[in-house]
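Enquirer: Mind folding the following:
(chains A, B and C, ligands or ions: 2)
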Amino acid sequence: MNLFFTGGLGVLLLIGLPVAFTLSLLAIAGMYFFNGGTFAFMQIPIISYKSLDDFSLTALPMYVLMSQVLVISGVGRDLYEMASRWFRHLPGGLAIATLFCCTIFSAISGSSVATAVTVGAIALPEMVKRGYDKRHVLGLLAAGGTLGILIPPSIPMIIYGSVTGESVGKLFVAGIVPGIILTLAFMIFSSYQTRHIKDLPATWGERFEASKKAIWGLLLPIIIIGGIYSGQFTPTEAAAVGVVLSFLIAIFVYRNLTITTMKQILIGTVKTNAMILFIIVGAMLLGYILTILQIPQSIVNFATAQDISPWVIFILINVVLLILGMFLETVSILVITLPILYPIIMALGFDPIWFAIIMVINMELALISPPVGLNLFVLKGLNKENTISEIVKGVVPYAVIMVVFIVILSFFPEIATGLIHNNIK
Amino acid sequence: MKKVYQFMDLLIRWGAYVAGILILLTTVMTFYEVVSRSFFDAPTTWATELSIYAIIGSCFLGSAYAVRTYSHITVDILINNVNDKMKTIFAYLTNTLGLVFSVIFTIYGYLHVVKTFNLQVTSASLLRIPMYIPESLLVIGGVLLCIAFVLQIIDGGVHKGGEHL
Amino acid sequence: ACGDEGDKKADANTSGSEDGYESTTIRLAYNLPQDHHIAVGIENFAKEVVERSDGKVNVQVYPAGQLLSDKDMNQSILSGGVEMGVNSSTLWSSTVPAMGVFDVPYMFNDYSAVGEAVNGEFGDKLRGAMEEKGAKVLMFADYGYVQFANNKRKLTKPEDFKGLKIRSIGDLPSELIQAYGASPVFMGGGEVYMALQRNTVDGATSGTTAMLQRKYDEVTKYLTVNNYAYLEFLLAVNKDYWDKLPEKTQDLLTEVAAETETWIREQAEKEDTESAKALEEKGMDVYYVPEEELDVWKEAAAPVRDVFIENAGDLGKELLDLIDKK
Ligand code: NA
Ligand code: NA
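Expert: Residues are numbered from 1 along each chain as shown, chains lettered A, B, ... in the order given. Ligands and ions are numbered 1, 2, ... in the order given. Sure thing, here's the model as predicted:
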């Protein structure tokens, strides 16, 4: 049965059936052959509807829309020109600036896909224009986007909290230091990777001129972050505020929004939106049939039922998460495995908050591991010329950094739990 | 026949326009909710719920258009490395498989909507929206998907569908 | 056509044997945290059924939203995607309006009254309404009373609600929030914790057990215990599947369900009391509405009753009358 699913997935993807339909069709085939024939098909509309029946998902198309407006109006271009004039004399200066944007945007949106699509849409053309290797840029965007679920707020942490009963507040706090360290590690690596790209420093006059031009673009994150932290709106609602603001800037400041560009923006948004959401539907359908057939559960149970030392079990758990991460979407992995993993982790005597951070980093890996990695797909969707293999090659070093970081976290759990045990009663 | 083909393509494009409008509506409703709640202390009872329906609609109504414009993510490692004849065969094969999925999706979506209609299921909210209405978006989207894959098959094994706007 | 295929499937699942139970597999899904008292009860129910049938009646549990969320649970049960599932009466009320009766404010004054009602005529009427739609109720699992928590002020009378923005669950609680002069806010469950922390909303309504589990004490100051509604969760079985089970299996399931129901009810009472105390110990300012003041709260909630009757029709009225008679 496992062979049926993995083999089927490989074949369907390779002959060129789109990912969304590959996942869905495989789910349907699984229902037909292993779950009572056509009788099980009644679950298709139920699961399909449920996969999108979530208010936090509405942020996704809105962020896609926002990024399109920022790109087409030129706000994104001006922001990059500013960053370029301030940082271009540093080795890989723009790479660091982009990762900084990813970090900030992650902190706001809580969604990795939204981060990759928004920052990616703006950063990719501008950085390639300035001499960066496309593969390097794609890699850092795919990886930078994943920071969105480690730096609070984070949807996977909320799911972890609601399934296990751990404090979401503590989980958020626990994500801060690992989030910063991982961001710094990404920055150091990417600036090393792109160190040859160095330009003459811009004059102070040039810097301020570009900053003045980018001021409207800079206002956007300030209002959004300010609004979220003062409680005016939720991270999901922030997306709508961002769209309205970017439209206002495009209409009244840049004055370059026409009916034609408007149509272009909307159609572009619809395509990307349908592509991402339908992959989520497909992943949920596949997740449903695998779960009802107890496949992930039996894999986890097998890995954890061995009579071996807790740390070997811990390593096996990570391997299983890595494998599941290749095929399933992150929310599915969390809700399927946590009810089994959490009691085991507690029984083995591990810290549940620390394990949550390990779990979230595994989910970051899931977002960038082929064949099913949403961040890869989002970046592929940005530009027809990007190929999946190009993106995967670009992202591999970052995946290695994440794995190394999991190892470090295992030796020094205080990186995650330090803030909690010291400051929160 | 040509007229029918063109009309079908037009239907799919309308689906995409409606999807786009639904995304705009979501933005407007959510923004209204923020302003109304934060500045006038008057949260709405409808914005969150209707936004969810709109986003569900935007996915299913826009999907057929994404098929026609090759916007659904496809793994291209093998496809890029086979000869044109194989490419054509793969194209027919994948579009047929896509059609198989779409047909099953549409039929069972329809059966489900009928069931929801008969059971008179409403949303568990103040609006008490009959659930068959938002669920119908799946069926409409499914029909559009069926049409899209049929057109792809008619186009043959090459990327003749091309970019439409 | 679907029904026919359902028959075939049930036949395939059950194979006869003269003495003992016929073997069958029941897939049971629930969407509560595993340490919740209802979850513990349900897991025990499953274990007991398997043991007492010598493994013939195999209950396969999908815990904590692993397979289905609260939103797709009902439809999945009704269409046979799973044979059994646990979901709240509030969510069932979107299919069976009379189920909203548990959300009508101040229906039940104490825990034993609930047990009596659901095991009597009141329960029979609800079971009948559910069966008409295609689900057989096997157990009324008590969640416990629900309360209000907020960050603005101590709520000692309904007027204190004026102007508050309160995150709501379901339709009738929203009507109550409006009746008290506050505004219901709708947002995704995942955002509530942050919304309370950042004062995007002023308060929320939930059971104290859930408040403790979701760490409301970290983000809200005041708790008002007015026991305004008694949440029920239902263990429901797909009716077609149930009707095809041999009587012996049906009896076993009914028997174990009844035992579990009683156990869960006792737990609900214990958990409610203990969790309210725990929230107080963690620093929340808890206000218990005294019995003699409850009439004011009930009166202000009167409009909600009318809304319920409007939705649930004659059956709704009959249910209310049955409780009023007591
Ligand atoms: Na975040
Ligand atoms: Na993956």
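Enquirer: Flag every buried residue along stretch A:311-322.
Expert: Using 16 or more other CB atoms under 10 Å in any protein chain shown as the test for burial, stretch A:311-322 gives A:313, A:314, A:315, A:316, A:317, A:318, A:320, A:321, A:322. C-beta coordinates here come from the backbone N, C-alpha and C atoms, glycine included.
Enquirer: Would you confirm that the last one belongs to a helix?
Expert: This points to residue A:322. Yes: Residue A:322: assigned to a helix according to DSSP: H, G, I helix; E, B strand; the rest coil.
Enquirer: circling back: take the buried residues of stretch A:311-322 and write them to TSV, including distance to residue A:31 and pLDDT.
Expert: Formatted as TSV, these follow (distance: CB to CB, whole Å; pLDDT from 0 to 100):
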residue	distance to residue A:31	pLDDT
A:313	33	89
A:314	34	92
A:315	34	92
A:316	30	91
A:317	29	92
A:318	31	94
A:320	24	91
A:321	26	94
A:322	27	94
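Enquirer: okay, among those, which ones form the most distant pair?
Expert: In the buried residues of stretch A:311-322, two members sit farther apart than any others by CB to CB. They are A:313 and A:322, at 14.8 Å.
Enquirer: Would you convert the buried residues of stretch A:311-322 into JSON lines that also reports distance to residue C:20?
Expert: Below are the buried residues of stretch A:311-322 laid out as JSON lines (distance: CB to CB, whole Å):
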{"residue": "A:313", "distance to residue C:20": "38"}
{"residue": "A:314", "distance to residue C:20": "43"}
{"residue": "A:315", "distance to residue C:20": "44"}
{"residue": "A:316", "distance to residue C:20": "39"}
{"residue": "A:317", "distance to residue C:20": "39"}
{"residue": "A:318", "distance to residue C:20": "44"}
{"residue": "A:320", "distance to residue C:20": "38"}
{"residue": "A:321", "distance to residue C:20": "41"}
{"residue": "A:322", "distance to residue C:20": "44"}
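Enquirer: Nearest to residue C:94, out of the residues you listed: which one, please.
Expert: For the buried residues of stretch A:311-322, the minimum distance to residue C:94 (CB to CB) is 35.9 Å, reached by residue A:321.
Enquirer: residues touching that closest one, list them.
Expert: A:333, A:337, A:359, A:362, A:365, A:366 (CB atoms under 8 Å, 6 or more residues apart in numbering or on different chains).
Enquirer: The third one - nearest residue in space that isn't next to it in sequence?
Expert: Nearest in space to residue A:359, with sequence neighbours left out and distances taken as CB to CB, 6 or more residues apart in numbering or on different chains, is residue A:160 at 6.5 Å.
Enquirer: Tell me where chain B has helices.
Expert: Assigned by DSSP state H, the helices in chain B fall at B:2-40, B:47-68, B:84-119, B:132-155.
Enquirer: and those helices, which is most packed in?
Expert: The highest average neighbour count among the helices of chain B, using mean count of other CB atoms under 10 Å in any protein chain shown, belongs to helix B:47-68 at a mean of 26.
Enquirer: Give me the neighbour count for residue C:291.
Expert: Neighbour count for residue C:291, taken as other CB atoms under 10 Å in any protein chain shown: 8.
Enquirer: And residue C:310, by the same measure?
Expert: 10.
Enquirer: Enumerate the residues of chain B near chain C.
Expert: B:37, B:41-43, B:45, B:47-49, B:111-112, B:115-116, B:119-126, B:128, B:131 (CB under 8 Å from any CB of the partner chain).
Enquirer: The same query, at a cut-off of 10 Å, please.
Expert: Within chain B, the positions adjacent to chain C are B:33-34, B:36-38, B:41-49, B:51-52, B:108, B:111-112, B:115-116, B:118-129, B:131, B:135 by CB under 10 Å from any CB of the partner chain.
Enquirer: Nearest to ligand 1: which residue in chain A?
Expert: residue A:110 (4.1 Å; CB to the ion).
Enquirer: what about dumping the CA coordinates of stretch B:55-71 to CSV?
Expert: What follows is stretch B:55-71, C-alpha atoms only, in CSV (Å, rounded to 0.1, in the frame of the first residue of the first chain):
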residue,chain,number,x,y,z
ILE,B,55,-12.0,32.4,-0.7
ILE,B,56,-13.4,28.9,-1.3
GLY,B,57,-15.0,30.3,-4.4
SER,B,58,-11.8,32.0,-5.6
CYS,B,59,-10.0,28.7,-5.5
PHE,B,60,-12.5,26.5,-7.3
LEU,B,61,-13.7,29.0,-9.8
GLY,B,62,-10.2,30.0,-10.7
SER,B,63,-8.8,26.6,-11.0
ALA,B,64,-10.0,25.9,-14.6
TYR,B,65,-8.4,29.1,-15.8
ALA,B,66,-5.1,28.1,-14.1
VAL,B,67,-5.3,24.8,-16.0
ARG,B,68,-5.8,26.6,-19.3
THR,B,69,-2.9,29.0,-18.6
TYR,B,70,-0.6,26.2,-17.3
SER,B,71,-0.4,27.9,-13.9
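Enquirer: what is the rounded mean pLDDT of that stretch?
Expert: On average, the pLDDT along stretch B:55-71 is 96.
Enquirer: how close does the residue in the stretch 101-250 of chain C positioned nearest to chain A get to residue C:189?
Expert: Nearest residue of the stretch 101-250 of chain C to chain A (CB to the nearest CB) works out as residue C:198 at 3.2 Å. For residue C:198, the distance to residue C:189 equals 16 Å [CB to CB, to the nearest Å].
Enquirer: likewise residue C:248?
Expert: From residue C:248 to residue C:189 the distance is 41 Å (CB to CB).
Enquirer: and residue B:54, what does it touch?
Expert: By CB atoms under 10 Å, 6 or more residues apart in numbering or on different chains, residue B:54 lies in contact with A:58, A:61, B:19, B:21-30, B:134, B:137.
Enquirer: Next up, the contacts around the residue nearest to it when sequence neighbours are not counted.
Expert: Spatial nearest neighbour of residue B:54, chain neighbours left out: residue B:22 (4.1 Å); criterion: CB to CB, 6+ apart. Applying CB under 10 Å, 6+ apart to residue B:22 gives the contacts A:61, A:270, A:273, B:50-51, B:53-59, B:61-62, B:137.
Enquirer: can you rerun that using 8 Å?
Expert: Contacts of residue B:22 by CB under 8 Å, 6+ apart are B:54, B:55, B:57, B:58, B:61.
Enquirer: that older thread, any idea how far residue A:238 is from the residue of the stretch 101-250 of chain C closest to chain A?
Expert: On the measure of CB to CB, residue C:198 and residue A:238 end up 12 Å apart.
Enquirer: In the chain, where is pLDDT below threshold?
Expert: If you meant another chain, say so; for now it's chain A. Residue ranges of chain A with pLDDT under 70: A:422-425.
Enquirer: that's the wrong chain, I meant chain B
Expert: Chain B contains residues with pLDDT under 70 at B:157-165.
Enquirer: so what's the residue nearest the centre of chain A up against?
Expert: Central residue of chain A (CA atoms, centre = their mean): residue A:112, 2.3 Å from the mean position. Counting by CB under 8 Å, 6+ apart, residue A:112 touches A:106, A:145, A:146, A:147, A:148, A:149, A:364, A:367, A:374, A:375.
Enquirer: try it again with 7 Å
Expert: Contact partners of residue A:112, counting by CB atoms under 7 Å, 6 or more residues apart in numbering or on different chains, are A:145, A:146, A:148, A:149, A:367, A:375.
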